[in-house]
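# coords below, sequence missing:
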């Protein structure tokens, strides 16, 4: 009885709402991570410019139209995005609106007030792709000239190089001095062989033309008939030299083909890796891609489609920079030369009836078509335009391009819509954004592929799902997973789902030649109803890459998977699996998730959560998600034991929705079904129909074991109750 009384007194003292520590005292917690939600909607970043190239900043929701495959779509939400700075500058857009909101695009919803503005962070990846020394100097000079010497910005920037594979020179950071240092550490590809081969091919092509012209006019040359033996000898020498020239030319073209395919595949893989690293971040995501060319051969065309598809799925905008700058010759010169040779060959064949090549004529035509595809602008332009960016080419001054990229970062529009075509048939669907204002240019991604879940490189879900069908369930490493109910009136079935796993459980492969490491992980959550039918599947593939010297730090990390499901009232089975593709091992967890009915009551109550740690966020980053309590982001306990030597108090959290007047709340601590203590819970004032309570439970005097914390809420005979179990360890 004395122990129960002591616990009751302590419980009464600390149940009031109170600030939370950023982490459990005495423990070095992992790096803070942010939550991001996943919605069943198509997001489209839109930049609008006038005839003079200036951003148009005064558009409203009704000004926009979206068509998918030519069919008009309803714009569900419209947001004006305004940020304080870009990659290198810190100039904010002037706006009298300071709210952070996403509003309906319905004209009636926005007619009474100004359009909402969201001030959010963005992420930019600077990617340097196989650049020669001169091209790299141009790219570095432009980049360093734009990025300040020191200071920080809201935009996080990462620096990557492809030489080959992908090398992380600087992870995403807001420290501009670290970005500058990483840009300076990019090294050139160290070879001008492609240009030398191109020049040699041009010389051989010209020599071949002269030899063919000489052979064609041999019979009409002065004195040609006087010495048939000499003429025959000259013809033989020319034919021999012509074959040698053609042999060398074929060798150059074959090597160009192999080299192009290798570099193109390597570059596409690097871009996919960078896109995947950006996919985890909220806000506008951008790639500034410095390259001397991205050829689109028949083989690489599919790879480029894959890259563009992944970028659009991750809502990443690419800006391509032709790092060659001003070229001494036109990029179309090689294509023009091939066309001329094709025409000359055809004329000779028609005039003489003799085919001077052992290859079919269609092969020459295919070579012309391939040469047109090899124009560096072809692939770069497709990558940029199909993802909503633009191509910078033909200039040694890239400062204007960086200013324009920064403008897109600082101000753009975010539209969402739910497709009227709900069939996930795997087909590509085009997106066209129009603005009801004449004389403007609209920049937005061109479309997406209609798949419910797709890996960046292949399908990743089936191997992970196969583990859920094993008996017994695999348990190769520790995994924690949980789902929670937050019956917001606007979304009664709101269900945050969280999975946590330490990266130390994964296999990291170290490539000693490239001095890099890589690792992979796949997380899949399958929700089944009471009849065993799959109602929703949530998933994410993770790829870890970095320098080999940082592999130990990578093993000390943590993956925090967060999604928000929308479920009807009922009882569900939540199946979670974490799969390591390197080792083909994984761990699965199964739990029961209850979504209570809300009919017949004006008061609703969320799940009761224990809090592992809390993170204070800035005013601009403050969210209204279920795990935000004001400016505090809460990280729930997912069933991990509580160590008493680390913390003496255990924070808990719940939310009430609806009419919370005259509501009383009572906290009970139980063990083995027996009540140890109870105390009233003072509730804060209602906040727009929502009451959030964060309290702390004293555990220093409790013996080790398993306990139940129960919160009972009553009002005029109506009662709601939520419980959570936890285990104490010394």
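Happy to help now that I have it. Here the structure is a predicted model, which means the values were calculated and not measured. Residues are numbered from 1 along each chain as shown.
# rest of the way, CA atoms for contacts and neighbours
Will do.
# can you tell me the average pLDDT over stretch 132-141?
For stretch 132-141, mean pLDDT is 85.
# Buried ones in it, by neighbour count?
Neighbour counts over stretch 132-141 (16 or more other C-alpha atoms under 10 Å) mark 132, 135-141 as buried.
# what do you get for stretch 66-80?
Buried residues in stretch 66-80, defined by neighbour count with 16+ other C-alpha under 10 Å: 66-68, 73-80.
# can you tell me which of the buried residues of stretch 132-141 are in helices?
135-141 (DSSP state H).
# Format those as TSV; extra columns: distance to residue 684.
TSV is the format used below for those (distance: C-alpha to C-alpha, whole Å):
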residue	distance to residue 684
135	61
136	59
137	60
138	59
139	56
140	55
141	56
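# and of the residues you listed, the nearest to residue 617?
residue 140 (34.0 Å; C-alpha to C-alpha).
# Report the contact partners of that closest one.
Each residue near residue 140 by C-alpha atoms under 8 Å, 6 or more residues apart in numbering is listed here: 183-184.
# how far away is it from residue 384?
With distances taken as C-alpha to C-alpha, to the nearest Å, residue 140 is found 20 Å from residue 384.
# Quick one: neighbours of residue 711, just the number.
21 (other C-alpha atoms under 10 Å).
# buried set for the helix or strand containing it?
Using DSSP states H and E, residue 711 maps to strand 705-715. Residues 707-714 are the ones in strand 705-715 that count as buried (16+ other C-alpha under 10 Å).
# can you put the buried residues of stretch 132-141 in a markdown table and add distance to residue 667?
Formatted as a markdown table, the buried residues of stretch 132-141 follow (distance: C-alpha to C-alpha, whole Å):
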| residue | distance to residue 667 |
| --- | --- |
| 132 | 68 |
| 135 | 67 |
| 136 | 65 |
| 137 | 66 |
| 138 | 66 |
| 139 | 62 |
| 140 | 61 |
| 141 | 63 |
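# ok so, going back, so which of the ones in helices among the buried residues of stretch 132-141 comes closest to residue 411?
residue 139 (24.8 Å).
# Which residues are in contact with that closest one?
Residue 139 touches 290, 323, counting by C-alpha under 8 Å, 6+ apart.
# how far away is it from residue 393?
Distance from residue 139 to residue 393, counting by C-alpha to C-alpha: 12 Å.
# Between those two, which contacts overlap?
residue 323.
# Least confident secondary structure element in this protein?
Every helix and strand in the chain was compared by mean pLDDT, DSSP states H and E; the lowest is strand 103-104, with a mean of 34.
# Domain ranges for this protein, per the record?
Here the domain parsing of the chain from automatic domain parsing is 1-27+608-730, 42-119+413-449.
# any chance of the ones you listed in TSV, with distance to residue 303 too?
Putting those into TSV (distance: least, C-alpha to C-alpha, whole Å) gives the following:
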stretch	distance to residue 303
domain 1-27+608-730	36
domain 42-119+413-449	15
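# Mind telling me which of these the model trusts least?
The minimum mean pLDDT among the domains of the chain belongs to domain 42-119+413-449 (a mean of 71).
# Residue 156 bridge partners, please.
Beta-bridge pairing for residue 156 (DSSP bridges): residue 123.
# My understanding was that it contacts residue 178; is that so?
No: if you go by C-alpha atoms under 8 Å, residue 156 and residue 178 don't touch, sitting 11.1 Å apart.
# joint contacts of those two?
Common neighbours of residue 156 and residue 178 (C-alpha under 8 Å, 6+ apart) do not exist.
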